[in-house]
Each structure stands twice: as C-alpha cells, then as structure tokens.
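Peer 1: show me the folded form of this:
(chains A and B)
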Protein chains: 2
Amino acid sequence: MTGKKKSAQASLEAMYRVFTVPEAPDSTLSRIDQDISRNMAGFLQEHIVAVERDLSDVEKNFSDYAIPEKPVFVSEQAQFLLDKLVANSVHTASPAFIGHMTSALPYFMLPLSKIMIALNQNLVKTETSKAFTPLERQVLGMIHRLVYKQDGPFYRKWMQDPRYSLGAMCSGGTIANLSALWVARNRAFPAEGSFRGLHEEGLFRALRYYGHEGAAIVVSDRGHYSLRKAADVLGLGRDALVSVETDDDNRIQIDALRDKCLELQKQKIKVMAICGVAGTTETGNVDPLDAMADIATEFGAHFHVDAAWGGPTLFSRTHQHLLRGIEKADSVTFDAHKQLYVPMGVGLVVFRDPSLASAVEHHAQYIIRKGSRDLGSTTLEGSRPGMSMLIHSGLRILGREGYEILIDQGIEKARTFADMITADPDFELVTKPELNILTYRYCPDKVQQALTMANELQAERLNTCLNRITKFIQKTQRERGKAFVSRTRLEPAHYYYFPCIVFRVVLANPLTTPEILSDILEEQKTLVQEAEIADEIAILEQMADAVLASEQRSTRQA
Amino acid sequence: MTGKKKSAQASLEAMYRVFTVPEAPDSTLSRIDQDISRNMAGFLQEHIVAVERDLSDVEKNFSDYAIPEKPVFVSEQAQFLLDKLVANSVHTASPAFIGHMTSALPYFMLPLSKIMIALNQNLVKTETSKAFTPLERQVLGMIHRLVYKQDGPFYRKWMQDPRYSLGAMCSGGTIANLSALWVARNRAFPAEGSFRGLHEEGLFRALRYYGHEGAAIVVSDRGHYSLRKAADVLGLGRDALVSVETDDDNRIQIDALRDKCLELQKQKIKVMAICGVAGTTETGNVDPLDAMADIATEFGAHFHVDAAWGGPTLFSRTHQHLLRGIEKADSVTFDAHKQLYVPMGVGLVVFRDPSLASAVEHHAQYIIRKGSRDLGSTTLEGSRPGMSMLIHSGLRILGREGYEILIDQGIEKARTFADMITADPDFELVTKPELNILTYRYCPDKVQQALTMANELQAERLNTCLNRITKFIQKTQRERGKAFVSRTRLEPAHYYYFPCIVFRVVLANPLTTPEILSDILEEQKTLVQEAEIADEIAILEQMADAVLASEQRSTRQA
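Peer 2: Residues are numbered from 1 along each chain as shown, chains lettered A, B, ... in the order given. Here you go, the predicted structure:
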C-alpha cells in the first residue's frame, strides 16, 4: 500500500469506529451521560450558570463559520458543549422558571427518549416504522377520545383503518394549527362541477369559481400568532386573520363574533374557519367554545380549537367543564411538549370526522403509496421521529389520574399565587387565573388607587411609567438567574386600552412551591430599590400623589 | 386528614417522585438505558425481531383507545415497549437495510441527544434557549458557507446579526422546501403602490394586482412529492407544480424547461420558482443546476435547490463538482437526518441573500418581539428542540474530512454494486448511480435480450410480468428480515415509457460491505425459486422465447 492509500484506509477505519464503538465508560461523554441518568436535576443545577451572561458575549463562542477540516475528539466537543453551551443554556426545568410553557420532565422520559433515538424510526411510512405506525394511530385515538368521547365501536372501526386518520402528529402546535387550517381551507372550496377543488386549482380559481372576494379565519384578538402565520402560508394573507374583541376576561365576545361574520359575509368573504382558544398564550383564558361552535355551524365554517396549552385540562374532572363545547370542534390542536410533559418537539391535531384529513392527502410512488398504511399521506411533514412513543408512555405511566393531579395542582397554585399578589399592597393582579396562567405587575397600592381615579391622560402617564419599571424588573430578575417570569403587553379596558406591560406566569412545573412564588415577589420588591430605577419610581409616586391630590380637591369641592 | 385527603396527598407525592427521582439503576428502564449505551448495535440486533410479523397482527397490541385511568408502573411500560414496540420496529441501522434514506448513527449521537433532551430548550426564543440561539445561527452559517462559499467578512457581518437569518432550521426537508417556496411566493408578489404585498393581502389580490392568471413552481418530473404538497399548502394548488421531462439520466431537460417557462409566461402564469434537484429521491441524480440558474434569472424566478439528499456531496472534493451551480441558488434544502447522520427530525434551508427570510417574518408581543434575537421570527415552526447541537457536533467530530469519507465510500460502493449487478446475468441495472443511489431489477439475460428487440406491446407484456416478480421479491425479502431494498416505479424511455417497478438501493450506511450486497443478490435469486412465483417466471420465459424466436425468424427472412 502507498502512504496515501494507507492513510485513506486509516481514515475509513476511524469512520467505522465512530459508527460501531460506543464511548468508553470513562470518557467525558459517558460520564455526562451517567451523571444525567443518575441525577438530571443535579446535573442541570450544577452545569447551567445561573447568572446571565450577555448574549453578545456568548455569541463569541459560536463565531466560527468554517466547518473544521479535521475531526475534533469527541471528548473535546463534549467539554466544549459543557462549558459553552450547557453552561449558557436556560434552566427550563427549574421550579423558579415560571415564565414560559417549557417545564420540567418526568424522569422516565430520558431513558425512553434514548430508546426512541437509538431506534431512529421514520414515521412517514411503515417500511421505516412498522409498530410505531399503529402506536401513533393509538395515541391519536386516545387524544381523540379524550376530546370527542366517541364509543368503542367508533374507535374499533376507525383508529387503525389505514384509509383514514383521526388526526396528524407533527412537530408542534404551529404546524398542528396550520394543518387544521389547511384542511379547513381545502374543504371550504371543494371540487364541484367543472372546478376540481382548491387543492388542485389553487385559491385564485377557487375564489373566482365560488364568487368570493376572499376567505377569512376568525379568532379572538388573543389568538396565537401561529394563526396569522398560517393565514400567510396558506396564501390567504395576514389580513385574512380577522380578530374579534375579547371581554374583560380575554374571551371572545360572541356578539362581536357574529357581527364580524355577518360583515365578512356582506363583503363576500368566505368565513373559512372560526378558531376558539382553549388557553390563551398570554393569560390562559378559554373562549366560550360551545357558543362559538353554534356560530361556526350558522356560517358553515370549520370550527377549530387551539388547545395547545389548555387541552390537557380535559384530564381534570374538576376543570374540564371550562372546555365545554370542544367536542363540537372539527379539529383540535394539542401540544405534547407542553402539558403532556413530553420533551420538545411534538404536537398533534385531532379531527372529529375521520374523513377530514383526506382533504390534504398526498401520495408518491416510492412512499406512502395509495392504500398503504403509511402515516405520511395526511401529515404536513414528511420524515418524522417516533415521538408518539413518548406520549404513549406519558399517558400510560401517569395515567389520566396523574395528569389530573398535574392540572389541578397547577390551577390551584395559580390561585394561591393570585391571592398572594392581591394580598400584597405592592402588586396588582392584572388577569386572574382561569387555568394556570396569570399576569400581574409591580404597582404599589397608592398607584393602584390613583389609577382608579385617573383620567385617560393621567392613566397613560402612570402606565407608561409602570411599563418601564415592569420591563426593568423582569429583565433584571432574569439576568440574576434565580427566577424567571416572562412579560407581555395587554390592553386592559379599565385603563382605556392603553398597552400595559405585565409579568406573565405559567404554573406548570409541579415542583414550584408557594415558597418559591413568595421569594419571586420578594426579589421583585428588592429590585425596585435598585439605583437604576430610582428616578422612575420617584416619578411614579409623584404622579400618583398628584392624581390623588386633585381627586381629593374635587371631592372636597363637590 | 380525611382518607380522601390522605390519598390525594399520596398521589401528589407520587407525582413529585416521577419528576424528581431517577429510575433505579436496576430498573428495567435503566437496564435498557445501559444496554443501549454499552452496545447499541447489539441491543437493536437482539431486540428487533428479524422476521416480519403482519402489521394487522402487530396492531392488536395498540388497540386500546382509552387512556388508562390508573398509572402503570414504569417497568411494565418499559417491558411492553420492549416486547411490542421495539421487537416490531425496523432495524434502520442494519447494514443490510439499504432501501431507504434512514441509516446508522454515529455512537456519539446517543449521549449527545440525551443532553439535548435533558436541557429541553426551545429555540423559538432566546429566553428558552440562550446559547442555543447563537449555536443554531452558527450551524446555519456553516452550511451556508459549504454551499455559497462567502468570505470571512460576510459571515462576521451576517451570521450573528439578529435582524437577519442565513436560513431556517426545521423538522425536515418537507418543511424546508415549504419554507423556501413560502419565501419565494411572498417575494414574487411584493408590496407595490397601493398593494401591500401577498403576505398581507393574499394570493387572490396579488394575482389580480399583478395581472397574472396563476403562479407556478417548475421542477423535473423526478422532484420530491413535498413540492406538490407545498404547492397545495401555499394556496397555489397542485396544478401549480409544473413538471418538466427528464433525460435518460433523470435530469431535467434544459430546453424543455425553457419551453415550459415560455409557455407559462404566455398563459400569464408567473414562474414563481424553479426547483433543481440535487439527488432525486428515486435515482439519486442531480439536475444541471448551473444551466437552471441561468433560466431562473432569465424568467425572474426564485431558484431553489432541493439538496435534502445530495447536499453533503459538497464535502467531497472528488464529487462536489456534480452540484456545480448550487451556489447560484436563492435557497437550498438540506436534511440533517439523512447524510449528516443526525437522528430523525431535523432539516434546514439556507438563503443566499441574508435578507430573504424577511419575506416571512412574524412577530408577537409575548415572544419574538421585533428587534429580539429570537430565531422564531423567520421559521415556519414555533417551538423547536435544540437539534442544531447535534448537527454542530457531527460537523465538528467528523469534520469535513469525515463526511467526505462517508460520501466517497457511499458513491464508490454504489458503483461496486452496479458492477456486480451488471456482471450478473440475472439482473438488470435500471439506473446507474450518480450519487449513492441506484435501481435495478431481476431480469434474466434472455429477457433483457428480448426486451431490446421487443415492440411496444411485447415490451409492455414483459415488463408487466417483471413488475409482478419484482414486487414479489421485494416484499418477500423484506418479510424474511435479513435484508431490505425498497421499490419504486420508473418509466424508462427505451421501454416506451411503460411504468417499470424496480428495486431501489441507497448506500449510505458505512457498515454495508460488498459481501452484504452480494448476499442480497443471492437471496433475491433464491426467492425467484419460490413456488408462489413459479407460474409468473414460466410465463416470463415463454414470452421472452417467443420474442427471440420471432426476431430470429425475421432476421433469417431478411
């Protein structure tokens, strides 16, 4: 062998080793692996740096744009990831991380995920997934039943029938919502006479054929931004996402919804879908689904419910009534990586009618041939991992009762926190928890009082000032790394619809205790003392005093 | 405490344990976990049942449609998964599994995946992903550079600039293609004068404003089915996916492409995008990208390249020339779970121009606020896992050289296999490998000879008979469980475009040896001896004899 050939042979052998020889038990990566198995919480606690480093600083570790020419040792990469990536990641499992919808995972999800990854199945077709295909159908059936409560014969007939699908598994709620609205759009403009259907001829000809000027998706102004994205992707345009005012509890106003539909009808715009929200992202409220279903029927619209967050509330005998009417929906979105406590990247949509998914059926010769059992024919995505195995395991290992406990204690904890906020003169509860989400802000008693008396201009000034303070507290608390609440912007009617920035809290981590919640409030109060925000606080108090004084004067005069 | 309260307390504590106490080292799940770490290949070999069970039989294990009321022990679920799911899954990592694009994984991917899952980051926003955000931008930059070869200043300027994005990470090639065409569609009908752009006003008004009758995506007739799906989703309709004939090597015919574009133009249909294929799914051929780019420029169309399969060929100094012209593409799709050897569910699209992605930018108040560094603003998906960590690790641990070896040996192996097939009188090579994919079928020498002489009717009869035999062999071989080739349908010009079923082979697993390939051919020859197919074989031979005899007669007469 020549030297060149020898070295090529050596490289080839090195490559084989990468595919055949596991990491040695004492290698860096194996040690991390074992550490995580033994004590995931401890691993995260130990390796994630609590105090925030500036992202522009973190970026420096990820500035190489060249793929390295020569291989890097696994141990070197493992150490790099530990020091630069893990250390600067977010402790989403921390019980004090109550700002977003990503929470802790049950321990069994880790080894199960490993099995899933080792098997590396591809759900697009049975040739690369075999038993995973009926398993996925079963999971869709179970969630379908949770929502639609059909009887045994129904599921025995439809669940495993390869010609139908009770839903579609996907990477998350956004794709689930898009899939549902894709079905809705295609069904709103079906084949008829000489017209071969929107799915074949497109939206332009569909609207011309049916004599419409447009097609709309109607949702409350608290609808998730993925719906607007769906309107864009589907070719309807963002304008087609028509929003309807909500009441003081962030629920869609039914009269306004009907008026809006009538108005669209008058404009010759087809009401293609009405979307109910079961757990608004910002405030966790649930639309009056029952009444919305009736309006959808009235206007011949597809009724979709985005229950990405709130869907699992159906597990709770105490709270499932909040979602009354969801069983009338044509389609319902669930996110498994939210309140089904499955690792990131899986959601699903279920369809009431098993034939609905056929509106988006696609086939190819080398894959998902007609008549096959392949699940890929009615999903938006092609190749997909076997995440349904994790949902299946969650549903079995926790059981309905387990999920019920998780839901119930989350809602209860949110109420406890709401009480704590209300009882504390320094904070204002902005939205009460209906599910396990609430919003509040730092707003001392005196300012709250002033706000009830303020005219529009005064309220705007006070709220502008409060907005700056809220932003400062939220950002600083996140940076300090002990706790995290998120923030959003709401337009409360009683503050003349002025955009108010508020803390947003999601209580889904079962390990969050009332003590942790109390500490979060205490830390926020401490942050108000910071020099950086002192001027703002002083201005706020002066403004409040002025409002109160002028009010006293006018009361005395009266 | 009352009994009821006590039991509620006990359930709550059980729930805490699920989130806080790892599986015991001697539990079923821990043992599986350790087995996989020590020897993944052995675990798969031992636990996956080789001989195929009928899917309708497997389905029986997944027929419960009710979510169990009471929790099931983790050990019980683990055993269930081992017996019913793992046993009946597909050994995609087997070196004899050469039918699809899902292959073996490098060992280090397993512990790395575990870190990823334990961290449970959400890439939609930096608040739930922090360092993962610059990491993902880096990965997009690295792939961008692999394709577009821009210089240092380019990447230093754009790669980490939060206002731009060099691409979009997603769950796979289908979403990557859809994302690229979404961008293309929105950019084809931008805001102008009184028109606020397709993204706002929708396709109907866009076409009316610009005076078009439709918009088309043009691709060869070997384009992936996800493109047709994209045409449907985007509201263009499946008709809008206009296909162009390919030459004998399954590459788009450039003259036919230009003619088709001219024809569309005459019909007032906007050529919105031209898609080149770099690695056709069925035959692994690469379109003449360079020439296509020129035509795209000529018609003002977005030029997209679907390199889901073939993209990593760019790692190979020997073969990268096959993709010449890819650097002229506006967007390029890569699948990471294919030839980047990352576990199932990740793909990406890169954009030549960093401002392209802005055509699909979405924002919301509680998330991906304007000006934030959040990656969610230009991706189709919302919540997404940190899979880019695995791509990053692959690129670093294997290096360009490692991927080059994988690509080179795959193509070389495909050529070796092609030679074996050609040398064997019982088989016909249907498509030669350009990359690492080829197609062939069982077709004895005599039949091959007859086919060269057959008229259209005779060829149809012979091919119909061959189709049945190919189907039988492929299905039976799969069921026996030792090896797996897939099958597809091609329409070879020299067989009068009659649809011929062929074996399809993808040689991406570095562990596949020439011996394994030889065994596969041997097994296929044995299957031809099966009683079940005897009649078909006899008919085939008679027909071939008849064609040869009549040919001899006419030669003698002449």
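Peer 1: beyond the top strand by length along chain A, next helix or strand please.
Peer 2: Longest strand in chain A by number of residues (criterion: DSSP state E): strand A:269-277. Next helix or strand after strand A:269-277 toward the C-terminus (DSSP states H and E): helix A:289-298.
Peer 1: what are the buried residues along that following helix?
Peer 2: A:Leu289, A:Ala291, A:Met292, A:Ala293, A:Ile295, A:Ala296 (16 or more other C-beta atoms under 10 Å in any protein chain shown). Backbone N, C-alpha and C define where each C-beta goes, glycine included.
Peer 1: surely the fifth one meets A:Ile254?
Peer 2: Read that as A:Ile295. Yes: proximity of A:Ile295 to A:Ile254 meets the contact threshold set by C-beta atoms under 8 Å, at 7.0 Å.
Peer 1: for whichever residue of chain A sits closest to chain B, give me phi and psi.
Peer 2: Relative to chain B, the nearest point of chain A is A:Gly235 (2.3 Å; C-beta to the nearest C-beta). Backbone torsions of A:Gly235, given as degrees, to the nearest 10, read phi 90, psi 0.
Peer 1: what sits against it?
Peer 2: A:Gly202, A:Leu203, B:Arg185, B:Leu198, B:Gly202, B:Leu203, B:Leu234, B:Gly235, B:Leu236 (C-beta atoms under 8 Å, 6 or more residues apart in numbering or on different chains).
Peer 1: swap in 6 Å and give it another go.
Peer 2: A:Leu203, B:Leu203, B:Leu234, B:Gly235 (C-beta atoms under 6 Å, 6 or more residues apart in numbering or on different chains).
Peer 1: kindly report the same for A:Ser358.
Peer 2: So A:Ser358 contacts nothing (C-beta under 6 Å, 6+ apart).
Peer 1: so it, which of the three states?
Peer 2: helix (DSSP: H, G, I helix; E, B strand; the rest coil).
Peer 1: just A:Glu46 next, same as before
Peer 2: Under three-state DSSP, A:Glu46 comes out as helix.
Peer 1: regarding chain A, what is its longest helix?
Peer 2: Longest helix of chain A, by residue count under DSSP state H: helix A:388-423.
Peer 1: roughly how far does the residue of chain A closest to chain B sit from A:Met272?
Peer 2: A:Gly235 sits 12 Å away from A:Met272, going by C-beta to C-beta, to the nearest Å.
Peer 1: circling back to that earlier point, ok, the longest helix of chain A near chain B or not?
Peer 2: Yes: counting by C-beta under 6 Å from any C-beta of the partner chain, chain B is contacted by helix A:388-423 at A:Ser393, A:Leu395, A:Arg396, A:Ile397, A:Leu398, A:Gly399, A:Arg400, A:Gly402, A:Ile405.
Peer 1: so how many other residues sit close to A:Gly279?
Peer 2: The tally of other residues near A:Gly279 (other C-beta atoms under 10 Å in any protein chain shown) stands at 29.
Peer 1: list the contacts of the nearest residue to it once chain neighbours are set aside.
Peer 2: Closest residue in space to A:Gly279, ignoring its immediate chain neighbours: A:Gly310 at 2.7 Å, by C-beta to C-beta, 6 or more residues apart in numbering or on different chains. A:Gly310 is in contact with A:Ala278, A:Gly279, A:Val286, A:Leu435, counting by C-beta under 6 Å, 6+ apart.
Peer 1: and stretch A:69-85, what's buried?
Peer 2: A:Pro71, A:Val72, A:Val74, A:Ser75, A:Gln77, A:Ala78, A:Phe80, A:Leu81, A:Lys84, A:Leu85.
Peer 1: show me which of the contacts of A:Gly235 is closest to A:Leu457.
Peer 2: B:Leu203 (44.0 Å; C-beta to C-beta).
Peer 1: tell me how many other residues crowd that closest one.
Peer 2: By the other C-beta under 10 Å criterion, the neighbourhood of B:Leu203 contains 26 residues.
Peer 1: identify the residue nearest it in space, chain neighbours excluded?
Peer 2: Among residues not flanking B:Leu203 along the chain, A:Gly235 sits closest, at 3.9 Å (C-beta to C-beta, 6+ apart).
Peer 1: what separation do you get for the one you found and B:Pro22?
Peer 2: For A:Gly235, the distance to B:Pro22 - C-beta to C-beta - is 49 Å.
Peer 1: same deal with A:Ala256?
Peer 2: 51 Å.
Peer 1: who has more neighbours, these two?
Peer 2: For A:Ala256 versus B:Pro22, neighbours defined as other C-beta under 10 Å are more numerous around B:Pro22 (19 against 16).
Peer 1: isn't the more buried one right up against A:Phe108?
Peer 2: No: assessed by C-beta atoms under 6 Å, B:Pro22 is found out of contact with A:Phe108, at 9.0 Å.
Peer 1: in contact with A:Thr190, which residues?
Peer 2: Actually, residue A:190 is Pro. It isn't Thr. Counting by C-beta under 6 Å, 6+ apart, the residues that A:Pro190 touches are A:Gly197.
Peer 1: am I right that it is in a strand?
Peer 2: No: counting by three-state DSSP, A:Pro190 is not part of a strand but coil.
Peer 1: ok, now how distant is it from A:Gly235?
Peer 2: On the measure of C-beta to C-beta, A:Pro190 and A:Gly235 end up 17 Å apart.
Peer 1: what's the next secondary structure element after the worst-scoring helix or strand of chain A on mean pLDDT?
Peer 2: The least trusted helix or strand in chain A, going by mean pLDDT, DSSP states H and E, turns out to be helix A:3-20, with a mean of 82. Next helix or strand after helix A:3-20 toward the C-terminus (DSSP H and E): helix A:28-38.
Peer 1: and that next one, what's its mean pLDDT?
Peer 2: Helix A:28-38 comes out with an average pLDDT of 93.
Peer 1: try stretch A:54-66
Peer 2: 93.
Peer 1: first-to-last residue distance for it?
Peer 2: 24 Å (C-alpha to C-alpha, to the nearest Å).
Peer 1: buried stuff in it?
Peer 2: A:Leu55, A:Val58, A:Glu59, A:Asn61, A:Phe62, A:Tyr65.
Peer 1: what does stretch A:322-334 give?
Peer 2: Neighbour-count burial for stretch A:322-334 [16+ other C-beta under 10 Å]: A:Leu322, A:Leu323, A:Gly325, A:Ile326, A:Glu327, A:Lys328, A:Ala329, A:Asp330, A:Ser331, A:Val332, A:Thr333, A:Phe334.
Peer 1: distance from it to the middle of the chain?
Peer 2: Distance, stretch centre to chain centre, for stretch A:322-334: 17 Å (C-alpha atoms, centre = their mean, to the nearest Å).
Peer 1: that stretch near chain B at all?
Peer 2: No: contact of stretch A:322-334 with chain B (C-beta under 6 Å from any C-beta) is absent, the minimum separation being 11.2 Å.
Peer 1: please apply the same query to stretch A:371-387.
Peer 2: Yes: interface with chain B: stretch A:371-387 contributes A:Glu381, A:Gly382, A:Ser383, A:Pro385 (C-beta under 6 Å from any C-beta).
Peer 1: now do stretch A:162-182
Peer 2: Yes: Stretch A:162-182 is in contact with chain B by C-beta under 6 Å from any C-beta, via A:Ser171, A:Gly172, A:Thr174, A:Trp182.
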